[in-house]
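> Got a predicted structure plus its sequence, pasted below:
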Amino acid sequence: MPICMTARYRVEPEMVEECKRTIEDFVKYIRINEPTTLFYMANQEMGHPTRFLHTMIFESEEAIAIHQNSPATRRFVDMIYPAAIEPLEFNEYYILGFKNKYQG
């Protein structure tokens, strides 16, 4: 069964642009190199540019391990975690329904 996860965090205001570049590179890597990451979306909150929310769907626990052990995840962690105001908040969810028409 696929596993949905979210990651929510806030970064220091002076780090927003660098974080956005890191996120863009991260998602590009995932798109090209992680076929078992079924869905990955990174969002910046409107009206609060220091707040970010990532939503991801993994094929399996093995897919999560592949994602977590990738060089791109290491680069993301090395940049975002020190910029975060508090620890990142991760949650896992059961998928009860899903629709996706957007293909960005």
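That came through fine. The shown structure was predicted, so the numbers you read here are calculated from the model rather than taken from an experiment.
> residue ranges with poor pLDDT in the protein?
Within the chain, the stretches with pLDDT under 70 are 102-104.
> Show me where it has its helices.
16-33, 61-68, 71-83 (DSSP state H).
> I'd like the ones you listed written out as a markdown table, with distance to Met1 and mean neighbour count added.
Any C-beta I mention is one placed from the backbone N, CA and C, and that applies to glycine too. As requested, the helices of the chain are exported to a markdown table (distance: least, CB to CB, whole Å; neighbours: other CB atoms under 10 Å):
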| stretch | distance to Met1 | mean neighbour count |
| --- | --- | --- |
| helix 16-33 | 20 | 15 |
| helix 61-68 | 10 | 14 |
| helix 71-83 | 23 | 15 |
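> For Glu92, which of these is the nearest?
Glu92 sits nearest to helix 61-68 of all the helices of the chain, at 9.2 Å, using CB to CB.
> coming back round to it: can you check which of the helices of the chain gets nearest to Phe39?
Here helix 16-33 is closest among the helices of the chain (CB to CB), at 9.8 Å.
> elements contacting that closest one?
strand 37-44, helix 71-83 (3 or more CB pairs under 8 Å, 6 or more residues apart in numbering; DSSP states H and E).
> among the ones you listed, which is nearest Tyr29?
Closest to Tyr29 of those, according to CB to CB: helix 71-83, at 3.7 Å.
> Go ahead and name everything in contact with that closest one.
9, 11-12, 15, 18-19, 22-23, 25-26, 29-30, 33, 67, 88 (CB atoms under 8 Å, 6 or more residues apart in numbering).
> And the furthest pair within those residues?
Among the contacts of helix 71-83, Glu12 and Asn33 lie farthest apart (CB to CB), at 29.0 Å.
> show me the contacts for Ile57.
Neighbours of Ile57 in contact, by CB under 8 Å, 6+ apart: 2-5, 37-40, 95, 98.
> what's across from it in the sheet?
Cys4, Phe39 (DSSP bridges).
> how about the contacts of Ile57 in a markdown table, adding neighbour count and distance to Pro49?
Shown next, in a markdown table, are the contacts of Ile57 (neighbours: other CB atoms under 10 Å; distance: CB to CB, whole Å):
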| residue | neighbour count | distance to Pro49 |
| --- | --- | --- |
| Pro2 | 14 | 31 |
| Ile3 | 17 | 29 |
| Cys4 | 17 | 25 |
| Met5 | 16 | 23 |
| Thr37 | 19 | 26 |
| Leu38 | 17 | 28 |
| Phe39 | 14 | 24 |
| Tyr40 | 18 | 21 |
| Ile95 | 11 | 29 |
| Phe98 | 10 | 28 |
